[in-house]
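Trainee: make a model of this:
(one chain, ligands or ions: 2)
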Amino acid sequence: MIPDVPNSDSELGHFANGTDSIDPNLLDLQSTSREVHLRIEGGRRLRGEVALKASKNAAVALLCASLLNYGVTKFLNFPRIEEVTRMIEVLESIGVKINWRESNTLELRRPKELRLENLDEEAARRTRSVLMLIGSLMHDHLEFDIPYAGGCKLGERTVKPHQYALEEFGVNITATDKHYTVKVNKKAPGEMTLYESGNTVTNNTILAAARTEEGTFIQAASCDYMVQDLCYFLQRLGVEIEGIGTPLLYVRGLSRIKKNIEYTPTEDPIEAMFFISAAVTTDSEITIRRVPFRWISLELMKLKKMGLRYTLSASYRAANGLVDLADLTIHRHEGKLSALPDKLHPNVWPGLNPDSLPYFAPIAGVVTGRTLIHDWMYECRAIYYAELSKLGIKVELLDQHRVYVRGPSELIKADLSCPPALRPASLLLIGMLAASGMSVLKNVYVINRGYEDLAARLNMLGASVEVFS
Ligand SMILES: CC(=O)N[C@H]1[C@@H](OP(=O)(O)OP(=O)(O)OC[C@H]2O[C@@H](n3ccc(=O)[nH]c3=O)[C@H](O)[C@@H]2O)O[C@H](CO)[C@@H](O)[C@@H]1O
Ligand SMILES: C=C(OP(=O)(O)O)C(=O)O
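Mentor: Ligands and ions are numbered 1, 2, ... in the order given. Prediction:
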(Lines give C-alpha, C1' and ligand atoms only; values in the text may rest on other atoms or scores of the structure.)
(Ligands and ions follow the chains in the order given, each with its own letter.)
Protein backbone atom coordinates (compact mmCIF):
# COMPACT_ATOMS: atom_id res chain seq x y z
CA MET A 1 0.00 0.00 0.00
CA ILE A 2 1.32 3.46 -0.83
CA PRO A 3 1.16 5.84 2.11
CA ASP A 4 -0.21 9.25 1.21
CA VAL A 5 1.32 10.85 4.26
CA PRO A 6 5.06 10.89 4.90
CA ASN A 7 6.21 8.39 7.49
CA SER A 8 8.87 10.54 8.99
CA ASP A 9 9.96 14.16 9.09
CA SER A 10 12.91 13.31 6.91
CA GLU A 11 10.54 12.51 4.08
CA LEU A 12 8.98 15.97 4.14
CA GLY A 13 9.90 17.92 1.07
CA HIS A 14 10.50 14.78 -0.91
CA PHE A 15 7.21 12.99 -0.50
CA ALA A 16 5.39 15.83 -2.13
CA ASN A 17 2.20 13.86 -2.74
CA GLY A 18 1.64 13.27 0.88
CA THR A 19 2.09 16.27 3.10
CA ASP A 20 -0.79 18.66 3.64
CA SER A 21 1.36 21.48 4.93
CA ILE A 22 3.19 23.97 2.76
CA ASP A 23 6.81 22.94 2.78
CA PRO A 24 9.13 25.95 3.01
CA ASN A 25 11.95 23.88 1.48
CA LEU A 26 10.02 23.36 -1.69
CA LEU A 27 11.06 26.66 -3.21
CA ASP A 28 14.70 25.64 -2.79
CA LEU A 29 13.95 22.27 -4.31
CA GLN A 30 12.30 23.96 -7.27
CA SER A 31 14.95 26.58 -7.88
CA THR A 32 17.40 26.10 -10.64
CA SER A 33 20.95 26.94 -9.61
CA ARG A 34 20.37 30.54 -10.77
CA GLU A 35 17.23 32.13 -9.39
CA VAL A 36 15.35 34.29 -11.86
CA HIS A 37 13.14 37.21 -10.85
CA LEU A 38 10.84 39.67 -12.59
CA ARG A 39 10.67 43.46 -12.24
CA ILE A 40 7.31 44.73 -13.43
CA GLU A 41 6.43 48.34 -14.15
CA GLY A 42 2.67 47.97 -13.81
CA GLY A 43 -0.39 50.01 -14.61
CA ARG A 44 0.03 49.85 -18.38
CA ARG A 45 -2.81 48.84 -20.63
CA LEU A 46 -2.00 45.83 -22.83
CA ARG A 47 -2.71 45.81 -26.55
CA GLY A 48 -2.01 43.71 -29.61
CA GLU A 49 -1.93 39.97 -30.20
CA VAL A 50 -0.39 36.95 -28.57
CA ALA A 51 -0.41 33.34 -29.83
CA LEU A 52 -0.74 30.44 -27.43
CA LYS A 53 1.86 27.70 -26.94
CA ALA A 54 1.12 24.04 -26.30
CA SER A 55 0.35 23.00 -22.74
CA LYS A 56 2.69 21.72 -20.04
CA ASN A 57 0.13 19.14 -19.08
CA ALA A 58 -0.13 17.52 -22.50
CA ALA A 59 3.61 17.87 -23.09
CA VAL A 60 4.61 15.85 -20.03
CA ALA A 61 2.14 13.07 -20.88
CA LEU A 62 3.44 12.97 -24.44
CA LEU A 63 7.03 12.73 -23.25
CA CYS A 64 6.15 9.72 -21.11
CA ALA A 65 4.18 8.23 -24.01
CA SER A 66 7.18 8.57 -26.33
CA LEU A 67 8.76 5.70 -24.38
CA LEU A 68 6.10 3.36 -25.76
CA ASN A 69 7.47 3.96 -29.26
CA TYR A 70 10.60 2.21 -30.51
CA GLY A 71 10.59 4.44 -33.61
CA VAL A 72 11.52 8.12 -33.77
CA THR A 73 9.04 10.49 -32.15
CA LYS A 74 8.98 14.12 -33.24
CA PHE A 75 6.87 16.67 -31.40
CA LEU A 76 6.29 19.94 -33.24
CA ASN A 77 5.45 23.24 -31.58
CA PHE A 78 6.50 21.74 -28.25
CA PRO A 79 6.67 24.11 -25.27
CA ARG A 80 10.18 25.04 -24.11
CA ILE A 81 9.36 25.24 -20.42
CA GLU A 82 11.13 24.12 -17.24
CA GLU A 83 8.80 21.17 -16.69
CA VAL A 84 9.64 19.82 -20.14
CA THR A 85 13.34 20.36 -19.44
CA ARG A 86 13.05 18.33 -16.21
CA MET A 87 11.34 15.48 -18.06
CA ILE A 88 13.95 15.65 -20.82
CA GLU A 89 16.66 15.37 -18.13
CA VAL A 90 14.91 12.31 -16.74
CA LEU A 91 14.51 10.65 -20.14
CA GLU A 92 18.08 11.43 -21.21
CA SER A 93 19.40 9.99 -17.96
CA ILE A 94 17.85 6.62 -18.82
CA GLY A 95 19.28 6.63 -22.34
CA VAL A 96 16.73 8.38 -24.59
CA LYS A 97 18.42 10.48 -27.29
CA ILE A 98 16.70 13.85 -27.38
CA ASN A 99 17.35 16.88 -29.57
CA TRP A 100 15.66 20.20 -30.03
CA ARG A 101 15.47 20.74 -33.78
CA GLU A 102 14.38 23.98 -35.44
CA SER A 103 13.01 26.13 -32.59
CA ASN A 104 10.21 24.15 -30.98
CA THR A 105 10.57 20.72 -32.60
CA LEU A 106 11.67 17.99 -30.23
CA GLU A 107 12.98 14.67 -31.52
CA LEU A 108 13.20 11.60 -29.29
CA ARG A 109 14.74 8.20 -29.98
CA ARG A 110 14.58 5.62 -27.26
CA PRO A 111 17.24 2.88 -27.17
CA LYS A 112 16.28 -0.82 -27.16
CA GLU A 113 17.30 -1.06 -23.51
CA LEU A 114 16.71 1.77 -21.06
CA ARG A 115 19.16 2.27 -18.18
CA LEU A 116 16.62 2.82 -15.44
CA GLU A 117 19.26 2.56 -12.72
CA ASN A 118 20.72 5.89 -13.98
CA LEU A 119 17.45 7.82 -13.64
CA ASP A 120 18.10 11.47 -12.69
CA GLU A 121 16.37 11.60 -9.32
CA GLU A 122 16.84 15.29 -8.72
CA ALA A 123 15.05 16.20 -11.93
CA ALA A 124 12.39 13.55 -11.35
CA ARG A 125 11.53 14.84 -7.88
CA ARG A 126 10.66 18.27 -9.25
CA THR A 127 7.75 16.98 -11.32
CA ARG A 128 4.63 14.98 -10.57
CA SER A 129 4.64 13.72 -14.14
CA VAL A 130 7.23 11.02 -13.45
CA LEU A 131 4.30 9.00 -12.11
CA MET A 132 3.30 8.48 -15.74
CA LEU A 133 6.59 6.71 -16.42
CA ILE A 134 5.07 3.72 -14.65
CA GLY A 135 2.36 3.29 -17.31
CA SER A 136 5.01 3.34 -20.03
CA LEU A 137 7.81 1.35 -18.40
CA MET A 138 5.62 -1.49 -17.08
CA HIS A 139 5.48 -3.04 -20.55
CA ASP A 140 9.18 -3.92 -20.81
CA HIS A 141 10.42 -3.89 -17.23
CA LEU A 142 9.51 -6.35 -14.49
CA GLU A 143 10.88 -4.32 -11.59
CA PHE A 144 12.04 -0.71 -11.22
CA ASP A 145 12.05 2.28 -8.89
CA ILE A 146 10.56 5.74 -9.43
CA PRO A 147 11.40 8.61 -7.05
CA TYR A 148 8.54 10.20 -5.14
CA ALA A 149 6.96 12.79 -7.40
CA GLY A 150 6.92 16.57 -6.89
CA GLY A 151 5.00 19.20 -8.85
CA CYS A 152 2.95 22.10 -7.55
CA LYS A 153 2.62 22.16 -3.80
CA LEU A 154 -1.11 22.33 -3.21
CA GLY A 155 -1.68 20.19 -0.14
CA GLU A 156 -2.33 16.49 -0.29
CA ARG A 157 -2.22 15.04 -3.81
CA THR A 158 -2.97 11.40 -3.52
CA VAL A 159 -1.13 8.73 -5.49
CA LYS A 160 -3.60 5.99 -4.52
CA PRO A 161 -5.67 6.34 -7.72
CA HIS A 162 -2.49 5.47 -9.66
CA GLN A 163 -1.86 2.44 -7.49
CA TYR A 164 -5.45 1.20 -7.76
CA ALA A 165 -5.57 1.74 -11.53
CA LEU A 166 -2.27 0.09 -12.31
CA GLU A 167 -2.84 -2.89 -10.04
CA GLU A 168 -5.63 -3.81 -12.47
CA PHE A 169 -2.84 -4.31 -15.01
CA GLY A 170 -0.81 -6.48 -12.61
CA VAL A 171 1.41 -3.65 -11.38
CA ASN A 172 2.29 -3.65 -7.71
CA ILE A 173 3.60 -0.38 -6.27
CA THR A 174 5.09 -0.10 -2.79
CA ALA A 175 6.63 2.93 -1.13
CA THR A 176 10.18 2.32 0.02
CA ASP A 177 12.69 4.91 1.20
CA LYS A 178 11.99 7.93 -1.08
CA HIS A 179 10.95 5.65 -3.96
CA TYR A 180 8.04 3.73 -5.33
CA THR A 181 9.15 0.21 -6.06
CA VAL A 182 7.21 -1.15 -9.01
CA LYS A 183 6.84 -4.90 -9.68
CA VAL A 184 5.02 -6.07 -12.77
CA ASN A 185 3.17 -9.29 -13.47
CA LYS A 186 1.26 -7.98 -16.45
CA LYS A 187 -2.42 -8.82 -16.95
CA ALA A 188 -5.32 -7.33 -18.88
CA PRO A 189 -8.19 -5.95 -16.77
CA GLY A 190 -10.82 -5.81 -19.53
CA GLU A 191 -13.04 -3.46 -17.52
CA MET A 192 -11.83 -1.07 -14.86
CA THR A 193 -12.98 2.01 -13.00
CA LEU A 194 -10.77 4.83 -11.81
CA TYR A 195 -10.88 5.69 -8.11
CA GLU A 196 -10.80 9.40 -9.05
CA SER A 197 -11.27 11.10 -12.42
CA GLY A 198 -7.83 12.66 -12.20
CA ASN A 199 -5.92 13.73 -15.29
CA THR A 200 -2.55 12.17 -14.57
CA VAL A 201 -4.09 8.92 -13.38
CA THR A 202 -6.24 8.71 -16.51
CA ASN A 203 -3.16 9.24 -18.65
CA ASN A 204 -1.18 6.67 -16.67
CA THR A 205 -3.97 4.14 -17.22
CA ILE A 206 -4.17 4.92 -20.93
CA LEU A 207 -0.41 4.33 -21.20
CA ALA A 208 -0.87 1.00 -19.44
CA ALA A 209 -3.66 0.06 -21.85
CA ALA A 210 -1.81 1.30 -24.94
CA ARG A 211 0.46 -1.72 -25.05
CA THR A 212 -2.09 -4.20 -23.74
CA GLU A 213 -3.44 -6.11 -26.71
CA GLU A 214 -6.75 -7.01 -25.12
CA GLY A 215 -9.21 -4.10 -25.09
CA THR A 216 -9.65 -2.11 -21.86
CA PHE A 217 -12.77 -0.16 -20.88
CA ILE A 218 -11.73 2.67 -18.56
CA GLN A 219 -14.66 4.10 -16.60
CA ALA A 220 -14.65 7.46 -14.77
CA ALA A 221 -11.85 8.66 -17.02
CA SER A 222 -10.99 12.34 -17.06
CA CYS A 223 -12.02 13.89 -20.39
CA ASP A 224 -9.78 16.92 -19.99
CA TYR A 225 -7.62 18.46 -22.69
CA MET A 226 -4.31 16.75 -21.83
CA VAL A 227 -6.06 13.38 -21.89
CA GLN A 228 -7.52 14.15 -25.31
CA ASP A 229 -4.12 15.22 -26.64
CA LEU A 230 -2.49 12.02 -25.38
CA CYS A 231 -5.23 9.91 -26.97
CA TYR A 232 -4.83 11.67 -30.33
CA PHE A 233 -1.08 10.98 -30.26
CA LEU A 234 -1.59 7.31 -29.38
CA GLN A 235 -4.13 6.95 -32.16
CA ARG A 236 -1.46 8.19 -34.56
CA LEU A 237 0.80 5.44 -33.20
CA GLY A 238 -1.87 2.90 -34.11
CA VAL A 239 -3.53 2.40 -30.73
CA GLU A 240 -7.29 2.03 -31.04
CA ILE A 241 -9.12 4.45 -28.76
CA GLU A 242 -12.83 5.16 -28.61
CA GLY A 243 -14.73 7.62 -26.45
CA ILE A 244 -12.16 10.46 -26.48
CA GLY A 245 -13.64 13.41 -24.59
CA THR A 246 -16.02 11.18 -22.61
CA PRO A 247 -15.66 9.44 -19.21
CA LEU A 248 -15.76 5.95 -20.81
CA LEU A 249 -12.70 5.15 -22.86
CA TYR A 250 -12.06 1.98 -24.77
CA VAL A 251 -8.40 1.30 -25.54
CA ARG A 252 -7.11 -1.62 -27.59
CA GLY A 253 -3.34 -1.54 -27.46
CA LEU A 254 -0.48 -2.94 -29.49
CA SER A 255 2.04 -5.43 -28.13
CA ARG A 256 4.89 -3.45 -29.67
CA ILE A 257 5.04 -0.01 -31.28
CA LYS A 258 7.73 1.07 -33.71
CA LYS A 259 6.77 4.00 -35.85
CA ASN A 260 8.45 7.19 -36.99
CA ILE A 261 5.90 9.76 -36.07
CA GLU A 262 5.30 13.52 -35.92
CA TYR A 263 2.67 15.02 -33.65
CA THR A 264 1.79 18.61 -32.77
CA PRO A 265 0.13 19.04 -29.38
CA THR A 266 -2.79 21.44 -29.07
CA GLU A 267 -2.54 24.97 -27.72
CA ASP A 268 -2.94 25.41 -23.98
CA PRO A 269 -6.42 26.44 -22.74
CA ILE A 270 -4.95 27.40 -19.38
CA GLU A 271 -2.44 29.74 -20.97
CA ALA A 272 -5.47 31.30 -22.67
CA MET A 273 -6.97 31.86 -19.22
CA PHE A 274 -3.73 33.50 -18.06
CA PHE A 275 -3.93 36.05 -20.89
CA ILE A 276 -7.69 36.54 -20.46
CA SER A 277 -7.16 37.28 -16.79
CA ALA A 278 -4.24 39.63 -17.57
CA ALA A 279 -6.41 41.51 -20.10
CA VAL A 280 -9.42 41.83 -17.78
CA THR A 281 -7.38 42.76 -14.70
CA THR A 282 -5.55 45.52 -16.63
CA ASP A 283 -8.78 46.51 -18.46
CA SER A 284 -7.14 45.97 -21.84
CA GLU A 285 -8.16 44.92 -25.32
CA ILE A 286 -6.00 42.11 -26.67
CA THR A 287 -6.40 39.27 -29.15
CA ILE A 288 -5.35 35.79 -28.09
CA ARG A 289 -4.64 33.69 -31.15
CA ARG A 290 -5.11 29.92 -31.48
CA VAL A 291 -7.46 29.41 -28.53
CA PRO A 292 -8.96 25.90 -28.07
CA PHE A 293 -12.17 27.69 -27.13
CA ARG A 294 -14.32 24.61 -26.41
CA TRP A 295 -11.94 23.64 -23.62
CA ILE A 296 -12.71 26.92 -21.82
CA SER A 297 -16.30 27.43 -22.93
CA LEU A 298 -17.69 27.48 -19.38
CA GLU A 299 -15.02 29.98 -18.35
CA LEU A 300 -16.08 32.24 -21.23
CA MET A 301 -19.73 31.83 -20.30
CA LYS A 302 -19.05 32.95 -16.70
CA LEU A 303 -17.08 35.95 -17.94
CA LYS A 304 -19.91 36.89 -20.29
CA LYS A 305 -22.37 36.79 -17.40
CA MET A 306 -20.07 39.17 -15.49
CA GLY A 307 -20.54 41.55 -18.40
CA LEU A 308 -17.30 40.95 -20.30
CA ARG A 309 -17.47 41.49 -24.04
CA TYR A 310 -15.33 39.29 -26.21
CA THR A 311 -15.27 38.25 -29.86
CA LEU A 312 -14.39 34.83 -31.24
CA SER A 313 -13.21 34.58 -34.84
CA ALA A 314 -14.38 31.86 -37.22
CA SER A 315 -12.85 28.58 -36.09
CA TYR A 316 -9.97 26.77 -37.75
CA ARG A 317 -8.15 23.53 -37.03
CA ALA A 318 -5.11 23.09 -34.80
CA ALA A 319 -1.98 21.76 -36.53
CA ASN A 320 -2.90 18.22 -35.43
CA GLY A 321 -6.08 18.59 -37.51
CA LEU A 322 -8.26 17.52 -34.61
CA VAL A 323 -9.09 20.39 -32.29
CA ASP A 324 -10.94 23.58 -33.28
CA LEU A 325 -9.23 26.86 -32.48
CA ALA A 326 -10.31 30.48 -32.79
CA ASP A 327 -8.83 33.90 -32.14
CA LEU A 328 -10.33 35.49 -29.06
CA THR A 329 -10.47 39.26 -28.64
CA ILE A 330 -11.12 40.49 -25.13
CA HIS A 331 -12.62 43.98 -25.16
CA ARG A 332 -12.10 46.65 -22.51
CA HIS A 333 -14.74 46.58 -19.76
CA GLU A 334 -14.03 50.10 -18.43
CA GLY A 335 -14.95 49.04 -14.91
CA LYS A 336 -18.43 47.84 -15.85
CA LEU A 337 -18.17 44.16 -14.78
CA SER A 338 -20.31 42.75 -11.94
CA ALA A 339 -19.58 39.88 -9.58
CA LEU A 340 -21.54 36.68 -10.17
CA PRO A 341 -24.06 35.98 -7.41
CA ASP A 342 -23.14 32.28 -7.43
CA LYS A 343 -19.89 30.68 -6.36
CA LEU A 344 -17.15 29.88 -8.84
CA HIS A 345 -15.93 26.34 -8.41
CA PRO A 346 -13.96 23.84 -10.48
CA ASN A 347 -14.99 20.46 -11.76
CA VAL A 348 -13.58 17.77 -13.95
CA TRP A 349 -14.05 18.82 -17.58
CA PRO A 350 -16.51 19.93 -19.01
CA GLY A 351 -16.74 21.80 -15.73
CA LEU A 352 -14.76 24.91 -15.07
CA ASN A 353 -11.17 23.74 -15.32
CA PRO A 354 -9.40 23.45 -11.95
CA ASP A 355 -6.41 25.30 -13.39
CA SER A 356 -8.61 28.06 -14.84
CA LEU A 357 -10.27 28.78 -11.50
CA PRO A 358 -7.33 30.69 -9.94
CA TYR A 359 -7.40 33.18 -12.82
CA PHE A 360 -10.81 34.37 -11.65
CA ALA A 361 -9.26 35.69 -8.42
CA PRO A 362 -7.58 38.80 -9.91
CA ILE A 363 -10.59 39.24 -12.22
CA ALA A 364 -12.87 39.24 -9.16
CA GLY A 365 -10.65 41.99 -7.77
CA VAL A 366 -11.68 44.39 -10.54
CA VAL A 367 -15.39 43.56 -10.85
CA THR A 368 -18.02 45.29 -8.72
CA GLY A 369 -19.35 43.19 -5.86
CA ARG A 370 -18.34 40.12 -3.87
CA THR A 371 -17.27 36.86 -5.54
CA LEU A 372 -17.09 33.54 -3.72
CA ILE A 373 -14.35 31.27 -5.08
CA HIS A 374 -14.64 27.72 -3.80
CA ASP A 375 -11.52 25.71 -4.68
CA TRP A 376 -12.67 22.37 -3.26
CA MET A 377 -10.33 20.24 -5.33
CA TYR A 378 -7.02 21.17 -3.79
CA GLU A 379 -6.46 21.05 -0.05
CA CYS A 380 -4.92 24.51 0.25
CA ARG A 381 -4.62 26.31 -3.05
CA ALA A 382 -7.16 28.94 -1.95
CA ILE A 383 -4.71 30.06 0.74
CA TYR A 384 -2.46 31.38 -2.01
CA TYR A 385 -5.27 33.56 -3.40
CA ALA A 386 -5.04 35.62 -0.21
CA GLU A 387 -1.54 36.71 -1.35
CA LEU A 388 -3.35 39.02 -3.77
CA SER A 389 -4.28 41.19 -0.77
CA LYS A 390 -0.63 42.31 -0.73
CA LEU A 391 -1.40 43.89 -4.11
CA GLY A 392 -4.45 45.69 -2.78
CA ILE A 393 -7.15 43.20 -3.80
CA LYS A 394 -9.62 42.63 -0.96
CA VAL A 395 -9.46 38.88 -0.33
CA GLU A 396 -11.05 37.29 2.70
CA LEU A 397 -9.92 33.74 3.39
CA LEU A 398 -12.95 31.87 4.77
CA ASP A 399 -11.17 28.53 5.12
CA GLN A 400 -8.49 26.67 3.21
CA HIS A 401 -10.87 26.13 0.27
CA ARG A 402 -12.88 29.34 0.05
CA VAL A 403 -12.23 33.03 -0.42
CA TYR A 404 -14.43 36.06 -0.87
CA VAL A 405 -12.96 38.62 -3.24
CA ARG A 406 -14.47 42.11 -3.12
CA GLY A 407 -14.06 44.58 -5.92
CA PRO A 408 -13.33 46.84 -7.50
CA SER A 409 -9.94 47.42 -5.93
CA GLU A 410 -7.14 49.79 -6.75
CA LEU A 411 -4.09 47.60 -7.19
CA ILE A 412 -0.85 48.59 -5.50
CA LYS A 413 2.74 47.59 -6.23
CA ALA A 414 4.58 45.11 -3.99
CA ASP A 415 7.71 42.97 -3.78
CA LEU A 416 6.70 39.33 -3.38
CA SER A 417 8.10 35.80 -3.70
CA CYS A 418 6.35 33.17 -5.76
CA PRO A 419 4.37 30.59 -3.82
CA PRO A 420 5.37 27.01 -4.75
CA ALA A 421 2.55 26.53 -7.25
CA LEU A 422 2.38 27.60 -10.89
CA ARG A 423 -1.10 29.09 -11.24
CA PRO A 424 -1.12 30.92 -7.87
CA ALA A 425 2.34 32.35 -8.64
CA SER A 426 1.19 33.60 -12.03
CA LEU A 427 -1.76 35.41 -10.39
CA LEU A 428 0.70 37.66 -8.61
CA LEU A 429 2.28 38.51 -11.95
CA ILE A 430 -1.16 39.45 -13.30
CA GLY A 431 -1.84 41.63 -10.25
CA MET A 432 1.55 43.33 -10.69
CA LEU A 433 0.79 44.08 -14.35
CA ALA A 434 -2.29 45.97 -13.17
CA ALA A 435 -0.69 47.73 -10.17
CA SER A 436 0.85 51.15 -10.86
CA GLY A 437 4.55 51.43 -10.05
CA MET A 438 7.42 48.99 -9.88
CA SER A 439 6.79 45.53 -8.37
CA VAL A 440 9.22 42.66 -8.00
CA LEU A 441 8.28 38.98 -8.21
CA LYS A 442 11.03 36.76 -6.88
CA ASN A 443 12.07 33.29 -7.99
CA VAL A 444 9.75 32.65 -10.91
CA TYR A 445 11.01 29.12 -11.62
CA VAL A 446 7.57 27.85 -10.74
CA ILE A 447 5.94 30.04 -13.43
CA ASN A 448 8.57 29.01 -15.96
CA ARG A 449 7.59 25.39 -15.24
CA GLY A 450 4.46 25.97 -17.27
CA TYR A 451 4.72 29.04 -19.48
CA GLU A 452 7.29 29.78 -22.17
CA ASP A 453 8.95 33.15 -22.51
CA LEU A 454 6.18 34.93 -20.66
CA ALA A 455 8.06 38.17 -19.99
CA ALA A 456 8.91 38.67 -23.68
CA ARG A 457 5.38 37.81 -24.78
CA LEU A 458 3.86 40.22 -22.25
CA ASN A 459 6.29 42.90 -23.40
CA MET A 460 5.08 42.38 -26.98
CA LEU A 461 1.65 43.26 -25.57
CA GLY A 462 2.99 46.53 -24.21
CA ALA A 463 3.82 45.41 -20.67
CA SER A 464 7.12 46.25 -19.04
CA VAL A 465 8.54 43.07 -17.52
CA GLU A 466 12.27 42.79 -16.95
CA VAL A 467 13.91 39.45 -16.18
CA PHE A 468 16.86 39.60 -13.77
CA SER A 469 18.84 37.25 -11.60
C1 LIG B 1 0.41 17.19 -15.31
C2 LIG B 1 -1.04 17.50 -15.14
O3 LIG B 1 -1.86 17.20 -15.98
N4 LIG B 1 -1.36 18.20 -14.02
C5 LIG B 1 -2.74 18.58 -13.81
C6 LIG B 1 -3.48 17.41 -13.21
O7 LIG B 1 -2.80 17.00 -12.06
P8 LIG B 1 -3.18 15.56 -11.42
O9 LIG B 1 -4.02 14.78 -12.35
O10 LIG B 1 -1.90 14.98 -10.94
O11 LIG B 1 -4.04 16.06 -10.22
P12 LIG B 1 -4.27 15.31 -8.85
O13 LIG B 1 -4.34 13.84 -9.05
O14 LIG B 1 -3.30 15.83 -7.84
O15 LIG B 1 -5.74 15.84 -8.53
C16 LIG B 1 -5.92 17.16 -8.11
C17 LIG B 1 -6.79 17.18 -6.85
O18 LIG B 1 -8.12 16.91 -7.25
C19 LIG B 1 -8.64 15.85 -6.48
N20 LIG B 1 -9.60 15.13 -7.34
C21 LIG B 1 -9.28 14.84 -8.63
C22 LIG B 1 -10.18 14.18 -9.43
C23 LIG B 1 -11.42 13.80 -8.88
O24 LIG B 1 -12.26 13.19 -9.55
N25 LIG B 1 -11.68 14.09 -7.58
C26 LIG B 1 -10.79 14.75 -6.80
O27 LIG B 1 -11.07 15.01 -5.63
C28 LIG B 1 -7.44 15.02 -6.08
O29 LIG B 1 -7.68 14.24 -4.94
C30 LIG B 1 -6.39 16.11 -5.83
O31 LIG B 1 -6.53 16.66 -4.53
O32 LIG B 1 -4.83 17.78 -12.90
C33 LIG B 1 -4.95 18.86 -11.97
C34 LIG B 1 -6.44 19.09 -11.73
O35 LIG B 1 -7.07 19.43 -12.91
C36 LIG B 1 -4.26 20.09 -12.52
O37 LIG B 1 -4.29 21.11 -11.54
C38 LIG B 1 -2.82 19.79 -12.89
O39 LIG B 1 -2.29 20.91 -13.59
C1 LIG C 1 -0.93 21.72 -10.45
C2 LIG C 1 -0.26 21.93 -11.57
O3 LIG C 1 0.76 21.21 -12.06
P4 LIG C 1 1.40 19.81 -11.62
O5 LIG C 1 0.34 18.79 -11.76
O6 LIG C 1 2.49 19.65 -12.61
O7 LIG C 1 1.89 19.98 -10.23
C8 LIG C 1 -0.60 23.03 -12.48
O9 LIG C 1 -0.18 22.95 -13.65
O10 LIG C 1 -1.31 23.98 -12.08
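
Trainee: from now on I want contacts and neighbour counts done on CA atoms only, so please keep to that.
Mentor: Fine.

Trainee: ok, the nearest residue to D145 once chain neighbours are set aside to V60 distance?
Mentor: Once flanking residues are discounted, D145 sits nearest to T181: 4.5 Å by CA to CA, 6 or more residues apart in numbering. Distance of T181 to V60, given as CA to CA, to the nearest Å: 21 Å.

Trainee: who's more crowded, these two?
Mentor: Between T181 and V60, counting by other CA atoms under 10 Å, V60 is the more crowded of the two (26 against 17).

Trainee: shouldn't that one be within a helix?
Mentor: Yes. Counting by DSSP: H, G, I helix; E, B strand; the rest coil, V60 is part of a helix.

Trainee: what sits against it?
Mentor: By CA atoms under 8 Å, 6 or more residues apart in numbering, V60 lies in contact with E83, V84, M87, S129.

Trainee: hmm, A61 and the last one touching each other?
Mentor: Yes. Counting by CA atoms under 8 Å, S129 sits close enough to A61 to count as a contact (7.2 Å).

Trainee: give me the common contacts of those two.
Mentor: With CA under 8 Å, 6+ apart, S129 and A61 have common neighbours T200.

Trainee: count the residues that sit near N347.
Mentor: As a burial measure, N347 scores 14 neighbours (other CA under 10 Å).

Trainee: how many neighbours does the residue of the stretch 1-150 of the chain found nearest ligand 2 have?
Mentor: Closest approach between the stretch 1-150 of the chain and ligand 2, counting by CA to the nearest ligand atom: R128, at 5.5 Å. When neighbours are defined as other CA under 10 Å, R128 has 21 of them.

Trainee: separation between it and ligand 1?
Mentor: Counting by CA to the nearest ligand atom, to the nearest Å, the gap from R128 to ligand 1 is 7 Å.

Trainee: show me the strands in the stretch 251-400 of the chain, by range?
Mentor: Ranges of strands in the stretch 251-400 of the chain, per DSSP state E, counting those that start in this stretch, are 261-263, 285-291, 310-312, 316-317, 324-330, 369-374, 394-399.

Trainee: so which of these is the most packed in?
Mentor: Comparing the strands of the stretch 251-400 of the chain by mean neighbour count (mean count of other CA atoms under 10 Å), strand 285-291 ranks first with a mean of 24.

Trainee: OK, contacts around the residue nearest in space to the middle of the chain?
Mentor: By CA atoms, centre = their mean, the chain has its centre lying nearest to N57, at 4.1 Å. Applying CA under 8 Å, 6+ apart to N57 gives the contacts M226.

Trainee: for it, which three-state class applies?
Mentor: Relying on three-state DSSP, one would call N57 helix.

Trainee: just the ones of the contacts of V60 in helices?
Mentor: E83, V84, M87 (DSSP state H).

Trainee: quick one: which of the residues you listed is the most crowded by neighbours?
Mentor: With neighbours taken as other CA under 10 Å, the top of those is E83, carrying 28 neighbours.

Trainee: what residues are up against the closest residue to it other than its chain neighbours?
Mentor: Computed as CA to CA, 6+ apart, the closest residue to E83 that is not its neighbour in sequence is R449, at 4.6 Å. By CA under 8 Å, 6+ apart, the residues touching R449 are K56, I81, E82, E83, V84, L422.

Trainee: and those residues near ligand 2, which?
Mentor: Subset of the contacts of R449 in contact with ligand 2: L422, counting by CA under 6 Å from any ligand atom.

Trainee: and the contacts of R449, which is closest to ligand 1?
Mentor: Nearest to ligand 1 among these: K56, at 6.9 Å, using CA to the nearest ligand atom.

Trainee: for the closest one, grab the count of nearby residues.
Mentor: Using other CA under 10 Å, K56 has 25 neighbouring residues.

Trainee: name the SS class of the residue nearest to it when sequence neighbours are not counted, please.
Mentor: Leaving aside its chain neighbours, K56 sits nearest to G450 (5.4 Å; criterion: CA to CA, 6+ apart). The three-state assignment at G450 reads coil, by three-state DSSP.

Trainee: distance of the nearest residue in space to G307 that is not next to it in sequence relative to E285?
Mentor: Leaving out its chain neighbours, the residue that sits closest to G307 by CA to CA, 6+ apart is L337, at 5.0 Å. Distance, L337 to E285, using CA to CA: 15 Å.

Trainee: need the residues of the stretch 101-250 of the chain near ligand 2, please.
Mentor: Near ligand 2, when you scan the stretch 101-250 of the chain using CA under 6 Å from any ligand atom, you find R128, G151, C152.

Trainee: ok, of these, which one's closest to G253?
Mentor: Within those, the smallest distance to G253 is 24.9 Å, found for R128 (CA to CA).

Trainee: touching, that closest one and G150? I think so.
Mentor: Yes. With contact defined as CA under 8 Å, R128 and G150 form a contacting pair (4.6 Å).

Trainee: got the contact list for the helix or strand where the residue nearest to D145 lies?
Mentor: Taking DSSP states H and E as the criterion, T181 maps to strand 179-184. Applying CA under 8 Å, 6+ apart, the contact partners of strand 179-184 are 134, 138, 141-148, 170-175.
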